[in-house]
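> Provided below are the primary sequence and the corresponding predicted coordinates.
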Amino acid sequence: MKALFTNTYESDFVTTETAKPTPKKGEVLIKIHASGVNPIDNKIRLGLSPYASPVLPAILGTDLAGVIEAIGEGITNFKVGDEVYGLAGGVLGVQGTLAEYTAVDADLLAIKPKNLSMKEAAAIPLVLLTAWEGLIDRAKVQKGDKVLVHAGAGGVGHMVVQLAKIVGADVYATVSEQKSAIVKGFGATPIDKNTPVEDYVNQYTDGKGFDLIYDTLGGQSLDNSFKAIRHYGQIASCYAFGTHTLATSSLRSASIHGVFVLRAMIGNENEGRKHHGDILKQTTKLIEEGKLKPLIDPRKFTLDNAIEAHNAVSDGSAIGKIVVEIV
């Protein structure tokens with residue numbers, strides 16, 4: 001098969017012919033049609049995520065959509081020919097998805113929504129799972145909650161907004177002026193990202209603070225969340241890697257949840273992997289019912305220009321998710 005190898009950090013990909021993998025017990029062999037690209041993929045390529053980086057040389061790429069070509073021992077819930085999607089590799093010793101084939105733990109997968117293309121489906125897993133784990137599993141969003149999403153038009157953010165709306169929350173999202181229409185389209189109230197925290201807390205919560213805040217940016221955004229949360233509120237962050245003073249949130253008795261969606265693959269925890277597959281099964285139903293949809297960047301990327309796709313997730317040019325088309 002053809003695959004893109006990363007031989008040294010901060011370098012371009014190297015196109016290589018390598019052996020097609022054989023599925024082990026509990027695995028399926030997937031012919032990859034599309035590979036979703038996330039900011040974490042580029043950070044791994046640059047050597048900026050030591051907690052997730054594989055030993056080089058390695059095939060990177062976390063998300064995929066494709067067709068099952070062979071099944072390993074013990075597989076009963078999938079068959080050859082099934083179209084599937086999932087957060088499937090690209091960390092530590094797990095082969096990534098910038099290749100024509102991969103063998104994947106079947107627990108990580110779900111049947112692809114019938115009303116999505118392979119490109120659209122490949123854009124979903126990492127951002128959806130990150131949104132779900134923080135919003136639903138950890139912060140336990142409820143109908144009627146006032147929810148604030150930082151960067152609501154971003155990859156994780158646009159999934160948080162939609163999931164919160166599905167639950168019946170009252171959703172607000174910080175966003176740049178040029179992307180405000182995106183969050184409006186998903187049913188959220190846009191807040192200019194440059195608005196002082198006190199101003200929007202007073203305007204939208206009568207100064208009490210939001211019931212739940214999902215931070216996707218870290219840094220100042222997470223510090224702002226400490227100021228904007230109500231007493232006994234819930235904060236979830238998928239970017240809580242900086243240094244923060246927790247006094248503001250502690251005085252509000254707020255709960256803070258760190259979300260690290262790659263943990264299931266890195267920890268080899270079968271329960272966590274199955275949970276990912278189960279979430280994606282529920283996601284497929286929501287998408288087929290028309291309640292959830294991915295935002296896709298219109299540019300076309302292939303294995304031949306995948307380095308440009310990696311650059312596009314970090315240079316601020318993307319409007320929606322970046323996907324590399326392999327078939």
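Now that the structure is in, tell me what you want to look at.
> OK, contacts around G89?
Residues near G89 by Cβ atoms under 8 Å, 6 or more residues apart in numbering: I59, G61, T62, L64, Q95, G96, T97, T102, V104, M265. Just so you know, the C-beta spots here come from the backbone N, C-alpha and C atoms, and that holds for glycine as well.
> can we see that at 6 Å?
Neighbouring residues of G89 by Cβ atoms under 6 Å, 6 or more residues apart in numbering: Q95, G96, T97.
> who wins for neighbours among those residues?
When neighbours are counted by other Cβ atoms under 10 Å, T97 leads the contacts of G89 with 33 neighbours.
> tell me the SS of that one?
With DSSP: H, G, I helix; E, B strand; the rest coil as the basis, T97 sits in coil.
> what do you get for T248?
Secondary structure, three-state DSSP: T248 is helix.
> skipping adjacent residues, who's closest to it in space?
F226 (4.0 Å; Cβ to Cβ, 6 or more residues apart in numbering).
> what helix or strand is the one you found on?
Assessed by DSSP states H and E, F226 sits inside helix 220-228.
> ok, A34 next?
Using DSSP H and E, A34 sits within strand 27-37.
> would CSV of the contacts of G89 with distance to G74 and pLDDT be doable?
Below are the contacts of G89 laid out as CSV (distance: Cβ to Cβ, whole Å; pLDDT from 0 to 100):
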residue, distance to G74, pLDDT
Q95, 20, 96
G96, 24, 97
T97, 23, 98
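> quick check: of these, which lies closest to K31?
Among these, T97 lies closest to K31 (Cβ to Cβ), at 11.5 Å.
> test my guess that the closest one contacts G66.
No. T97 lies out of contact with G66 (Cβ atoms under 6 Å); the separation is 8.5 Å.
> so what sits against both of those two?
Common neighbours of T97 and G66, counting by Cβ under 6 Å, 6+ apart, are I32.
> next, the buried residues of the helix-or-strand element of the chain with minimal mean pLDDT.
Ranked by mean pLDDT, DSSP states H and E, the weakest helix or strand in the chain is helix 263-266, scoring a mean of 87. Residues of helix 263-266 classed as buried by neighbour count (16 or more other Cβ atoms under 10 Å): A264, M265.
> can you dump the C-alpha coordinates of it into CSV?
Extracted in CSV, the C-alpha atoms of helix 263-266 (Å, rounded to 0.1, in the frame of the first residue of the first chain):
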residue,chain,number,x,y,z
ARG,A,263,-6.6,8.6,26.0
ALA,A,264,-8.6,5.5,24.9
MET,A,265,-6.0,4.7,22.2
ILE,A,266,-2.9,5.6,24.2
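> now do that helix: distance to the chain's middle.
Computed by Cα atoms, centre = their mean, to the nearest Å, the chain-centroid distance of helix 263-266 equals 14 Å.
> what is it packed up against?
Judged by 3 or more Cβ pairs under 6 Å, 6 or more residues apart in numbering; DSSP states H and E, helix 263-266 is in contact with helix 270-288.
> quick check, H257 in a strand?
Yes. Checked against three-state DSSP, H257 lies within a strand.
> and for it, the neighbour number?
18.
> list the residues that contact it.
Contacts of H257 (Cβ under 6 Å, 6+ apart): R138, A139, A236.
> for the closest residue to it other than its chain neighbours, give me phi and psi.
Nearest non-adjacent residue to H257, counting by Cβ to Cβ, 6+ apart: R138, 3.9 Å away. With angles defined as degrees, to the nearest 10, R138 sits at phi -100, psi -60.
> which residues touch stretch 19-35?
Outside stretch 19-35, the residues that touch it by Cβ under 6 Å, 6+ apart are 1, 61, 64-74, 78, 97-98, 101-106, 118-119, 122, 323-327.
> among these, name the ones in strands.
64-71, 101-105, 323-325 (DSSP state E).
> for G144, see how far away the residue positioned nearest the centre of the chain is.
The structure's the chain has its C-alpha centroid closest to V127; by Cα atoms, centre = their mean the separation is 1.7 Å. Per Cβ to Cβ, to the nearest Å, V127 is found 25 Å from G144.
> and V259, what does it touch?
The contact partners of V259, by Cβ under 6 Å, 6+ apart, come to T130, E133, G134, A236, C238.
> many thanks, we can stop here.
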